[in-house]
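A.B. asks: Requesting a structural model of the entry that follows:
(4 chains)
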Amino acid sequence: MEVRRPTIEDWDNPGDLVTINIGPSHPAMHGTLRVIAQTDGETIVSAEPEIGYLHRGVEKLGEHLTYHQFIPITDRLNYCSAIANNVSYEMAVEKLMGIKVPEKAQVIRMIMMELARIADHIVCIGILGVDLGAFTPFFYLFIQREEIYEIFEWYNGARLTNTFGRIGGVEADLPEDFEERWRKLLPNLKKAIDETDKLLTHNRIWMDRTIGVTAFSPEDALSWGFTGPCLRACGVKRDLRKDEPYCFYDQVDFEIPVGKHGDVFDRYIVRMIEMEESIKIIDQAIKIYKEFPPDAPLMAKVPKIIKPPVGEVYSAIEAPNGELGFWIKSDGSDKPYRIKIRPPCYMVYQAFPELVQGEMIADLIACLSSLNIIAGELDR
Amino acid sequence: MAFQAYGGEGWLLTKLEQLINWGRKRSPWPLPYGTACCGIEMMAALASGYDLARFGAERPSFSPRQADVLIQAGTITKKMVPIFKRIYDQMAEPKWVISMGACACSGGVFRTYSTLQGIDLVVPVDVYVPGCPPRPEGLIYALIKIMEKIEKDHPLRKKAAEIGIGG
Amino acid sequence: MGLKEDVQNTLGELALDFLECQGDLSVTVPKDKIVEVLTKLRDNLGFNFLSDVFGVDNSVFYEKLAKAKAKKKKGEEDKEEEPQGPPPPRFEVVYLLLSLETNKRLAVKIQVPEDDLVVDSVTCLWKAADWPERETFDMFGIRFKGHHNLKRLLMWDEFPAHPLRKDYPLEGQGEERILEYND
Amino acid sequence: MAKPVVKKKYTLTERVYLIEIIKGLGLTFKHFVFNVKASFRPGPHTVPTCWQYPEDRREIAPIFRGAHMLMLDDQGRIKCVGCGMCAKACPAQCITVKRGKVAEGEESKYVGKTYPEEFVVDLTRCIFCGFCEEACPKGAIVLGPEYELAQYTREECQLTKEGLLANYYKAKEEGKLKPPKKPVPVAASAEPVAKKAAAAKKAAPKKVEAQGAEAKGDAKEAKAKEAEAKKAEKEQKSEG
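C.D. replies: Numbering: from 1, shown residues only, chains lettered A, B, ... in the order given. Here you go, the predicted structure:
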């Protein structure tokens, strides 16, 4: 069924349907998202998201900065898990230059990326709870997130926008007390996840508000270019960590959780299980890390001014939200000729009209939170 | 009116102003307008752990009409400017603005075609918080600075000058 | 048999040019045949997932390459006269494809000259092309024929320029959004 | 269009609804009791209650990236020579350095023959990435522990030379100067990627399935990999 997308002109001549504008300044719209929805009573007939309210010109900026200087800019894409962005970009440049990253550096990257994944999922689930009226898990989870940020801070001095890693490796070894901190954090983190599970998963209100809401079929999801937890919730077992392994993901043992219906509940459950799997991965990665001698190399031999040869590559990793890829074209100078970022949210959010069509207005909010749209990487 | 009788600097006026300032100082309800990375740190400041409510910022007011302090956490792009200005205009007097983070203060690293180079081009800013993003402590410190500023304010005298009495 | 041969066999004459860089294969195809090519690749080679669509402005790329070459040659004797062909088209649209079965990636490129900025939309094959095509229109001014809702995506509607073109300055040309609003 | 979903049948406890609610309330009540107990605990407040920020500051990492400072050497001379490498490396272009020649009679104040006549860091622009620190050949500019940076005007956020030095004195007084950074070990030679991939494939054994066997397996893996890598290196050397 082809439905006319509403525009802001519908304000003036509404007809039978009511056009409502949600956002961009709305507590549930995460700051910068905006949806114009046409409703028949409480039911959404059609919705049109409007984006670009956080378009900062990252891709254009990338053409004017050197390869090295672009690393801090990638922090600001998906700010909930900055480390995954850094690593993705660095891997793309390394691929372009043909650099081999020392294995110990890869393990450190892997540990940090999984920590970032946990932090990202904590934000997502916490906010999903807040938007649906369950405030308590937000507080319980955010204490643990603080601890994760403390680990980041003691690693390289920043909490959120870490500027982690350099092209060719990482900038520092894990601090000596890293494992001690992790062991201290681990029981609390597990407990917080458990408590969230106890508070939400079998709660009748939670189930009624999430199960069957904005369900999606796997065929549609693939056609729309879904990746990450949203795709896995639809029942497609796809994870770049398994399918195109990088770092040491082919040597650790973990499961990929898959949902059934692709509704809000499945997305929530997939994220919950993924956090537990990430804990497993970190535990195994620390074991691998310990096998390396303390003076094992952390940086590959990289020239001071990075000038990759002429060419173009695409490299992607499994960021917490899905496939995060960088396409870089080099003209042989010290600045990239063109950087294209493939953010996972972008593809997910464009299916939003189809997702919420026929649902209630309250479900729109639930859907939006469960997709975990991060405006920074959506608009770039 | 009292300030005329006492020459504008009288005991009653001063005490009354102190009382008003005391009330305002202890209840700066924030409007958390988090648009980007700083919004996450602002959430950390509002959540368990730092708890901005200890300073009377008890109720994060998502409606601009009931807010006193606009915490602009994150980038304002040129596309967002009319909306942002509108939010500021909707806030009732007295109002203060905290510009949190490099992007809000000056555009930060984003010297680009689509980013507003500092929200002070659009609205008056009371406190600038450098950092990208600042620590939650940095934001709390800014709120304390706002409270200090409120304490030194002269609301009655200002009002009198506005309506043209007392001078 | 490698991916290149597979693509060559499937596309035949449609494959104009191949470029291989660090294991990434990209193929240039004629601009008018893009829908046909992508359908063939999807149905015959199993490239069933569209990762991304975006544009590239090549207006200064060849210049820069030539400059770098000239710099290198400076030390040697007089420059050789290079064959002067027609200048390569200014824009490029890249389609990133992925095969979910074999996990292989392929980039399909078309050249878009500046005087004919119309490309067939591939939203009929993948819905995922919806926003990326709009963004390409927004940033480069390349129009997509058959797109149901081709308007600006990231910039506001009245924005006069296409910011990712190479002749647009980084800090903009002083575009401001009008502040007035009617209450 | 969203897909219709056949809801699974709720279990009895889920259907009755009150049981789960009471369970949840019990959990929050447990937290409440725990927090009340913890607040009576002697000593500084820890996680169960919040960090009482202005009075009771949280310990920050010694390598925290806060406001900049200009370092002095142990004789009290300014280390900076005003070369401008930091300004060049800064992605936000927030550093302005003006180089000046050291006048006669002032040699005891500076390490080099040139000195920074003007050194301004625009804190409102700065993104605290730490690249200036990395770029500095003399270790003269360092991101310090200062994080209370809020100011009333934009001009006050311009950190001049005096401010930078004041930050240094303050950090030194409080004993919060950064420990010297350990140099990162760099790999001896650059290996081509293709070889690495082949070696990794060979070295990677099958995934270890049983939980208990993991540690042993991993150890073996690592050893095998090391051996493989050495072999590859040797081969390369012999080839070259």
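
A.B. asks: Please work out which residue of chain B is closest to chain C.
C.D. replies: Proximity to chain C, evaluated over chain B using CB to the nearest CB, is greatest for B:Tyr113 at 3.1 Å. Glycine gets a C-beta too; all of them are placed from N, C-alpha and C.

A.B. asks: With chain A instead?
C.D. replies: Among the residues of chain A, A:Gly225 lies closest to chain C, at 3.1 Å counting by CB to the nearest CB.

A.B. asks: neighbours of the closest residue to B:Gly34 other than its chain neighbours, just the number please.
C.D. replies: Setting aside the residues directly before and after it, B:Gly34 is nearest to B:Ala73 in space (CB to CB, 6 or more residues apart in numbering or on different chains), at 4.3 Å. Applying other CB atoms under 10 Å in any protein chain shown, we find 30 other residues in the vicinity of B:Ala73.

A.B. asks: Bridge partners for B:Ala73, pull those for me.
C.D. replies: B:Gly34, B:Met100 (DSSP bridges).

A.B. asks: show me what contacts it?
C.D. replies: Contact criterion CB atoms under 8 Å, 6 or more residues apart in numbering or on different chains gives B:32-36, B:38-39, B:41-42, B:100-101, B:104, B:133, B:139 as the residues in contact with B:Ala73.

A.B. asks: Once you drop chain neighbours, what's closest to the residue of chain A closest to chain C?
C.D. replies: Looking at A:Gly225 with CB to CB, 6+ apart, the closest residue is C:Ala128, at 3.1 Å.

A.B. asks: my guess is the one you found contacts A:Thr227, does it?
C.D. replies: No: taking contacts as CB atoms under 8 Å, C:Ala128 lies outside contact range of A:Thr227: 10.2 Å.

A.B. asks: out of the two, which sits in the more crowded spot?
C.D. replies: Relative neighbour count places A:Thr227 above the other of C:Ala128 and A:Thr227, with 29 against 25, counting by other CB under 10 Å.

A.B. asks: how would you label that one: helix, strand or coil?
C.D. replies: Following DSSP: H, G, I helix; E, B strand; the rest coil, the label given to A:Thr227 is coil.

A.B. asks: Please name every helix or strand in contact with the helix or strand hosting B:Leu139.
C.D. replies: For B:Leu139, the host element (DSSP states H and E) is helix B:136-151. Based on contacts counted as 3 or more CB pairs under 8 Å, 6 or more residues apart in numbering or on different chains; DSSP states H and E, the elements that helix B:136-151 packs against are helix B:11-25, helix B:37-46, strand B:69-73, strand B:96-100, strand B:127-129.

A.B. asks: what sits against the closest residue in space to A:Arg241 that isn't next to it in sequence?
C.D. replies: With CB to CB, 6+ apart as the measure, A:Tyr249 is the residue that lies nearest to A:Arg241, at 4.2 Å, once sequence neighbours are left out. With contact taken as CB under 8 Å, 6+ apart, A:Tyr249 is in contact with A:Met110, A:Arg241, A:Lys242, A:Ile281.

A.B. asks: what do you get for D:Arg58?
C.D. replies: When contacts are counted by CB under 8 Å, 6+ apart, D:Arg58 touches B:Glu137, D:Trp51.

A.B. asks: Helix or strand for it, just tell me which one.
C.D. replies: Assigning secondary structure by DSSP H and E places D:Arg58 outside every helix and strand.

A.B. asks: Go through chain D and flag its longest strand.
C.D. replies: strand D:114-122 (DSSP state E).

A.B. asks: Tell me which residues of the helix-or-strand element of chain C with minimal mean pLDDT come out buried.
C.D. replies: In chain C, no helix or strand scores lower on mean pLDDT, DSSP states H and E than helix C:61-73, which sits at a mean of 75. In terms of neighbour count (16 or more other CB atoms under 10 Å in any protein chain shown), helix C:61-73 has its buried residues at C:Phe61.

A.B. asks: hmm, it in reach of chain A?
C.D. replies: Yes: taking CB under 8 Å from any CB of the partner chain as the criterion, helix C:61-73 and chain A are in contact, through C:Phe61, C:Lys64, C:Leu65, C:Ala68.

A.B. asks: picking up where we left off before, what's the overlap in contacts for C:Ala128 and A:Thr227?
C.D. replies: Common neighbours of C:Ala128 and A:Thr227 are listed as A:Met347 (criterion: CB under 8 Å, 6+ apart).

A.B. asks: What ranges does chain D have for its strands?
C.D. replies: Counting by DSSP E, chain D forms strands over residues D:68-70, D:95-101, D:114-122, D:141-143, D:158-159, given from the N-terminal end onward.

A.B. asks: what's near enough to touch the nearest residue to D:Leu159 once chain neighbours are set aside?
C.D. replies: The spatially closest residue to D:Leu159, leaving aside those adjacent along the chain, is D:Val121, at 4.2 Å (CB to CB, 6+ apart). D:Val121 makes contact with D:His68, D:Cys94, D:Ile95, D:Gln158, D:Leu159, D:Leu164, according to CB under 8 Å, 6+ apart.

A.B. asks: So among the residues you listed, which ones count as buried?
C.D. replies: With neighbours counted using 16+ other CB under 10 Å, the contacts of D:Val121 contain these buried positions: D:His68, D:Cys94, D:Ile95, D:Gln158, D:Leu159, D:Leu164.

A.B. asks: Looking at those, which is nearest chain A?
C.D. replies: Among the buried ones among the contacts of D:Val121, D:Cys94 lies closest to chain A (CB to the nearest CB), at 12.1 Å.

A.B. asks: mind checking which of the helices and strands packed on helix B:136-151 is nearest A:Ala37?
C.D. replies: Evaluated over the helices and strands packed on helix B:136-151, closeness to A:Ala37 peaks at helix B:37-46, with 23.6 Å, by CB to CB.

A.B. asks: Report all helices and strands that that closest one contacts.
C.D. replies: Packed against helix B:37-46 by the contact rule (3+ CB pairs under 8 Å, 6+ apart) you find helix A:136-156, strand B:30-34, strand B:69-73, strand B:96-100, helix B:136-151.

A.B. asks: Pull out the buried residues from it.
C.D. replies: Across helix B:37-46, burial judged by 16+ other CB under 10 Å covers B:Cys37, B:Cys38, B:Gly39, B:Ile40, B:Glu41, B:Met42, B:Met43, B:Ala44, B:Ala45, B:Leu46.

A.B. asks: and that helix with helix A:136-156, angle?
C.D. replies: Taking axes from the mean of the first three to the mean of the last three CA atoms, to 10 degrees, one finds that helix B:37-46 is oriented at 110 degrees with respect to helix A:136-156.

A.B. asks: Fine, thanks again, bye for now.
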